[in-house]
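Trainee: Predicted structure and sequence below. I'll ask about it afterward.
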Amino acid sequence: MVLRARTDFLEAEERQRLAEEAERNVKPNLPLSELPRLPVRKRNGCVGWREEAERAGRKAREEAEARAREERERAERIAREMEEERQRFQAAAVAERLAAIAAREEKARCQRAIEEEAKLARLAQEEAEWQAREASEAARKAQVEKEEMERRMEKGIQPVVIPTVEEVQLAKAKVQYKDDVFHFAVAGIAGSGKSSLINAFCGMNNRDPGAAPTGVSETTLEISRYINLAHSEQFAWYDVPGSGTLTIPDWQYFNSQGLYVFDCILVLFDNRFTMTDQAILANCDRFKIPTFIVRSKSDQHILNVMKDMGYDADEDTDCREQFYHIAREHYISETRQSVKNNLAEANLRDQRVYIISNKTLAGVAKDNWPKKIIDEVELLTDLYSTAYLSSKFA
């Protein structure tokens with residue numbers, strides 16, 4: 001198409017040149033001497049030869065001009081067609097280049113999209129594999145910990161459970177913990193006399209208003225707070241539910257009751273030293289909480305020993321003091337040795353056991369000193385010394 005247009009254009013140029021040359025060759029104003037001599041006719045209707053020549057010249061000139069115009073118009077038309085063809089060709093070439101560029105860009109975009117999807121799929125697969133490995137490792141660790149816990153529990157070794165910061169804050173809020181108050185907690189099995197002991201520390205009788213409720217069965221189901229009116233700004237006493245009244249394993253009793261927030265804990269027992277008592281002492285050592293082992297109801301226990309020795313209150317009134325002193329020494333030595341053995345078996349540090357009577361302790365707390373004192377005075381002295389020597393009152 002382009003070659004044909006080029007050929008037509010050259011032909012048009014050649015025709016236009018020939019037309020212009022023919023026009024130049026036309027001589028409309030030839031001198032009369034050069035005009036061809038034609039026969040002259042007479043005036044009676046014949047035209048002279050000059051006039052005939054002029055007409056012939058004008059006609060030839062008009063024909064040449066017409067041919068020249070036609071050639072120019074044809075050449076111009078061919079030129080326009082060639083220009084349009086050239087523009088169409090350029091537009092087609094540009095469109096083709098743009099289409100090629102667009103195709104390359106689309107191909108590159110598709111390739112990038114494929115690569116990105118492949119990358120995301122690979123990352124997702126790696127994440128899934130990592131999570132699977134983590135889950136498998138966590139399951140394995142949990143199984144190992146479970147087996148280790150079972151093994152330790154079979155051997156009597158209880159797991160160590162550390163409370164979180166949130167659990168500590170909740171436990172403190174539950175007992176109304178204050179930084180400038182020393183908090184004593186009395187813990188032990190149900191029926192060991194915790195409420196009576198707290199009443200004695202606070203200088204109250206069991207029937208006084210505001211005293212901790214007492215009874216044959218366990219009466220404390222929630223931690224209860226009591227104040228010694230003589231030291232209301234310094235000390236607070238807490239009666240902790242007995243472990244025998246709760247469906248909680250011995251090793252969980254310490255954490256479930258939030259005992260880790262107290263400043264001092266008294267482990268109270270009546271007849272026997274239990275696994276719960278051992279767990280409390282072990283956890284207190286971990287948390288660096290001072291502890292006191294206390295055996296209460298000593299007056300009743302000594303009387304029972306006297307009866308086992310053959311004492312009859314109705315018949316042996318004269319021998320009562322003799323029976324009492326013998327039974328008292330036997331009871332004290334047996335209690336101390338029993339606690340010592342229990343601590344050794346539990347791999348706990350050896351510490352003193354305070355043997356008291358709640359009635360005697362209440363009298364000492366009121367500065368009314370009874371005659372039959374065992375460890376009541378030393379217990380009160382050591383308790384308050386521990387409090388005053390702590391950072392609370394530094």
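Mentor: Sure thing, it's come through. Numbers count the residues shown, from 1 in each chain.

Trainee: List the buried residues in stretch 338-345.
Mentor: Buried residues in stretch 338-345, defined by neighbour count with 16 or more other Cβ atoms under 10 Å: 339, 342, 343. Every residue, glycine included, has its C-beta placed from N, CA and C.

Trainee: what do you get for stretch 82-98?
Mentor: Buried residues in stretch 82-98 (16+ other Cβ under 10 Å): residue 82.

Trainee: coming back round to it: and which of the buried residues of stretch 338-345 is nearest to residue 285?
Mentor: Of all the buried residues of stretch 338-345, residue 343 has the smallest distance to residue 285: 11.1 Å, by Cβ to Cβ.

Trainee: average pLDDT for stretch 267-282?
Mentor: Stretch 267-282 shows a mean pLDDT of 84.

Trainee: then it to PDB, C-alphas only?
Mentor: What follows is stretch 267-282, C-alpha atoms only, in PDB (Å, rounded to 0.1, in the frame of the first residue of the first chain):
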ATOM      1  CA  VAL A 267      -0.400 -22.900 111.100                       C
ATOM      2  CA  LEU A 268      -2.800 -24.300 113.700                       C
ATOM      3  CA  PHE A 269      -3.300 -28.000 114.400                       C
ATOM      4  CA  ASP A 270      -5.200 -29.900 117.000                       C
ATOM      5  CA  ASN A 271      -4.500 -33.600 117.100                       C
ATOM      6  CA  ARG A 272      -2.300 -34.300 114.100                       C
ATOM      7  CA  PHE A 273       0.000 -32.500 111.700                       C
ATOM      8  CA  THR A 274      -1.500 -32.800 108.200                       C
ATOM      9  CA  MET A 275      -0.400 -32.700 104.600                       C
ATOM     10  CA  THR A 276      -2.200 -29.300 104.300                       C
ATOM     11  CA  ASP A 277      -0.100 -28.000 107.200                       C
ATOM     12  CA  GLN A 278       3.100 -29.200 105.400                       C
ATOM     13  CA  ALA A 279       2.000 -27.600 102.100                       C
ATOM     14  CA  ILE A 280       1.300 -24.200 103.900                       C
ATOM     15  CA  LEU A 281       4.800 -24.300 105.500                       C
ATOM     16  CA  ALA A 282       6.500 -25.200 102.200                       C
END
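
Trainee: Distance from it to the middle of the chain?
Mentor: Mean-position distance between stretch 267-282 and its chain equals 39 Å (Cα atoms, centre = their mean, to the nearest Å).

Trainee: Give the buried residues for it.
Mentor: If you call a residue buried by 16+ other Cβ under 10 Å, then stretch 267-282 has these buried ones: 267-270, 273-282.

Trainee: With stretch 365-383 instead?
Mentor: For stretch 365-383, using 16+ other Cβ under 10 Å, the buried residues are 365, 374, 375, 376, 379, 380, 383.

Trainee: Which single one of those residues is nearest to residue 306?
Mentor: Minimum distance to residue 306 across the buried residues of stretch 365-383 is 15.1 Å, recorded for residue 374 (Cβ to Cβ).

Trainee: how about the closest one, secondary structure?
Mentor: coil (DSSP: H, G, I helix; E, B strand; the rest coil).

Trainee: And for the one 3 residues further on?
Mentor: Look at residue 377: counting by three-state DSSP, its state is helix.

Trainee: For residue 365, see how far away it is.
Mentor: Here residue 377 is placed at a distance of 10 Å from residue 365 (Cβ to Cβ, to the nearest Å).

Trainee: if we can go back for a sec, which single one of the buried residues of stretch 365-383 is nearest to residue 358?
Mentor: Nearest to residue 358 among these is residue 376, at 9.1 Å by Cβ to Cβ.

Trainee: that older thread, for the buried residues of stretch 365-383, which one is nearest residue 192?
Mentor: For the buried residues of stretch 365-383, the minimum distance to residue 192 (Cβ to Cβ) is 15.4 Å, reached by residue 379.

Trainee: looking at it, the closest one is touching residue 355, isn't it?
Mentor: No - under the criterion of Cβ atoms under 8 Å, residue 379 makes no contact with residue 355, lying 9.1 Å away.

Trainee: still on that earlier bit, for the buried residues of stretch 338-345, could you give me CSV that also reports distance to residue 171 and pLDDT?
Mentor: Formatted as CSV, the buried residues of stretch 338-345 follow (distance: Cβ to Cβ, whole Å; pLDDT from 0 to 100):
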residue, distance to residue 171, pLDDT
339, 28, 91
342, 28, 89
343, 27, 90
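
Trainee: from those residues, which ones fall inside helices?
Mentor: Counting by DSSP state H, the part of those found in helices is 339, 342, 343.

Trainee: which residues does the second one contact?
Mentor: Under the criterion of Cβ atoms under 8 Å, 6 or more residues apart in numbering, the contact partners of residue 342 comprise 273, 277, 278.

Trainee: I'd assumed the last one was in a helix, is it?
Mentor: Right, the one you point to is residue 278. Yes - Residue 278 forms part of a helix when assessed by three-state DSSP.

Trainee: What segments of the stretch 151-300 of the chain are helices?
Mentor: For the stretch 151-300 of the chain, applying DSSP state H, counting those that start in this stretch gives helices covering 165-174, 194-201, 250-256, 275-286, 298-308.

Trainee: The second one: which residues count as buried?
Mentor: Meaning helix 194-201. 194, 195, 196, 197, 198, 199, 200, 201.

Trainee: Tell me if I'm right that the fourth one and residue 187 touch.
Mentor: Right, residue 197. No - counting by Cβ under 8 Å, residue 197 sits too far from residue 187 to count as a contact (10.9 Å).

Trainee: which residues do the two both contact?
Mentor: Shared contacts of residue 197 and residue 187, defined by Cβ under 8 Å, 6+ apart, are found at 266, 268.

Trainee: Where does pLDDT dip in the stretch 51-200 of the chain?
Mentor: The stretch 51-200 of the chain contains residues with pLDDT under 70 at 146, 148-161.

Trainee: ok, residues contacting stretch 319-327?
Mentor: Residues outside stretch 319-327 that contact it (Cβ under 8 Å, 6+ apart): 302, 303, 305, 306, 309, 311, 313, 316, 372.
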